[in-house]
Each structure stands twice: as C-alpha cells, then as structure tokens.
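S.K.: please work out how this folds:
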Amino acid sequence: MAENRRNFLRYVDGDLGDKRGSVLVGVRQIHSDVVHIVREADGALDGKLQTADGRAVLEGDGLITNVPGVLVGVGTADCVPVLVVDREKRAVGAFHAGWRGTVAQIVERGVAMMMTEYGSRVEDLEAAVGPSIGACCYSVGREVHREFRERFAYGEELFRVGVGEEEEKLYLDLWEANRRQLLEAGVGEDRITVVGECSACKVDAVGELKYFSHRGEKGVAGRMLSVVGVVG
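M.R.: Numbering: from 1, shown residues only. From the prediction side, this is the model:
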C-alpha cells in the first residue's frame, strides 16, 4: 500500500526537478461527520500525520487545508468522494461520504468549516462528486430510508423503488444527496460536477469493472484515492 501511494504521488507531481514533492494526508475513515483542519504547524509536510508505513494518524472522514504542498485525500470503494476547491483563498477540502456521512451532512459541515477557517465565499467554491455506487445498484434497508426522510425535506426524492423483483427494494442516490448538500451550503449549481459513473457496474473497454467496488467485488476490493491540494 505504501509503495502504491508513493507511485501515485510521483505520478501526480510529475517532473519537479529539485523541488520537493507533495505530501499526502489522509484519515482513518469511520463513516462520520468529523472533518480535520490541516495546518502548517501540524507537521504534515514532515510526515507527522502518517505512520512510517503510510497509514493515517487522524481519525474522521474529511480534511481541509490551505498548506501548499499538501494533498488531502479520501479512499473509496463505493462511498462518495467529494472534493471542494476555493481558488481565491487557495484552500481545498476532501470528504468521504458513505450513507452515514451523507446523512450526517459531512459535506455541508466541511464547506462551513472552510468559510470559517479560510474566509471562503460560497460563490468562489467549485466541487466535484466523484465515482461511487449509483442509484442503479445501491439498495438499502428501511432504516436508511427512514434516516434520510427524517433528516432532509427532500429525503424521499433520493430514493426509487425496485420494480419487477421478488422483494421490493429501495435504491439510494448518494450522488444527488451530496449534490443537494452542496447546493444547500450555497455552492452554485453550475460549479458542481457530478462524474456520474457507478463503481459497482461501470465497466471498461474489456468488460471489467472500471473502479474498485465493495459490493461489485463482494467485499474483496481495493480503494480508489481521490485527492486535492494547493500547489506549492
């Protein structure tokens, strides 16, 4: 895993000559609304926010930073990665939004923290909702349906009922749920990009799964890494 991350960073950085490469900071993800602020004094550039084998020190599901040279990232294999950028204040955020993090409004919380910490204005923010399991494949139980319906006025709109099956199933649209949170936070609709590719069923040119998927690979899957940072 550590070698994969080093290769990933070399690919992201390209040929830097004598310049120092980027440092990746992640979190030990717990399906929460916990967002950490990565400040220069935290020692991220000196590797203090990861262990010797590259594992994250911080526990939570979101990171924001304005430290040049730091990439903040989240790992997913069906959950939604949401990346937010403020080009004016040179600040960024990365959020891991499974259904629990989404219902806990981690994306709205993260945007609010960027506004408080960096003085970000919502009209300056751009966001991307990355590949994850889509409403085509994400069947959930009644308890998840109840959580969303009770938390959001638009909660019912996020679900569809499976048709023509022996047992009725509910399918949740996490892309739309997180897009709606970005809108609720004040991010302009024209500044939100939804990739819209399902990790559980999108295939490549040879018919193999294009993305890692916990459900699509029956629990034995790697992780995709979605990162964003400020150029050093």
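S.K.: give me the local confidence score for V220.
M.R.: On the pLDDT scale, V220 is placed at 76.
S.K.: and it, what are its phi and psi?
M.R.: Torsion angles at V220 (phi, psi; degrees, to the nearest 10) stand at phi -110, psi 90.
S.K.: excluding chain neighbours, what is closest to K169?
M.R.: Excluding its sequence neighbours, the residue lying closest to K169 (C-beta to C-beta, 6 or more residues apart in numbering) is G162, at 3.8 Å. All C-beta spots, glycine's among them, are computed from the backbone N, C-alpha and C.
S.K.: can you get me a residue count around the one you found?
M.R.: Per other C-beta atoms under 10 Å, the neighbour tally for G162 reads 12.
S.K.: now S132: closest residue in space, sequence neighbours ignored.
M.R.: Here the nearest residue to S132 in space, its sequence neighbours aside, is V80; by C-beta to C-beta, 6+ apart that works out to 4.2 Å.
S.K.: identify the residues contacting that neighbour.
M.R.: By C-beta atoms under 8 Å, 6 or more residues apart in numbering, the contact set of V80 is 96-98, 102, 129-130, 132, 174-175, 178.
S.K.: could you identify the most distant pair in those residues?
M.R.: Pairwise distances across the contacts of V80 (C-beta to C-beta) peak at 14.5 Å, for the pair H96 and W175.
S.K.: dihedrals phi and psi, the most centrally placed residue in the chain?
M.R.: Nearest residue to the geometric centre of the chain (C-alpha atoms, centre = their mean): P81, 2.0 Å. When read as degrees, to the nearest 10, the backbone of P81 gives phi -90, psi 130.
S.K.: same deal with R55?
M.R.: Per-residue torsions, R55: phi -80, psi 150 (degrees, to the nearest 10).
S.K.: I'd guessed it sits against R28; true?
M.R.: Yes - R55 sits in contact with R28 when judged by C-beta atoms under 8 Å, with a separation of 7.4 Å.
S.K.: tell me the bridge partners for A94.
M.R.: Per DSSP bridges, the residues bridged to A94 are L63, L83.
S.K.: so what's it up against?
M.R.: Counted by C-beta under 8 Å, 6+ apart, A94 has contacts 62-64, 72-74, 81-84, 226-228.
S.K.: cool, A91 as well?
M.R.: Counting by C-beta under 8 Å, 6+ apart, A91 makes contact with 64-66, 85, 114, 117-118, 120, 230.
S.K.: between those residues, which sits nearest L209?
M.R.: Checking the contacts of A91 one by one against L209 (C-beta to C-beta), the nearest turns out to be V85, at 28.3 Å.
S.K.: quick one: that closest one from A97, how far?
M.R.: Distance, V85 to A97, using C-beta to C-beta, to the nearest Å: 17 Å.
S.K.: who has more neighbours out of those two?
M.R.: Counted by other C-beta under 10 Å, V85 and A97 do not tie: A97 has more neighbours, with 30 against 21.
S.K.: what does the closest residue to the more buried one other than its chain neighbours show for phi and psi?
M.R.: The shortest distance from A97 to any non-neighbouring residue, by C-beta to C-beta, 6+ apart, is to V80 (4.3 Å). Main-chain torsions, V80, degrees, to the nearest 10: phi -90, psi 120.
S.K.: could you look up the SS state of H31?
M.R.: For H31, the assignment made with DSSP: H, G, I helix; E, B strand; the rest coil gives coil.
S.K.: all set, thanks.
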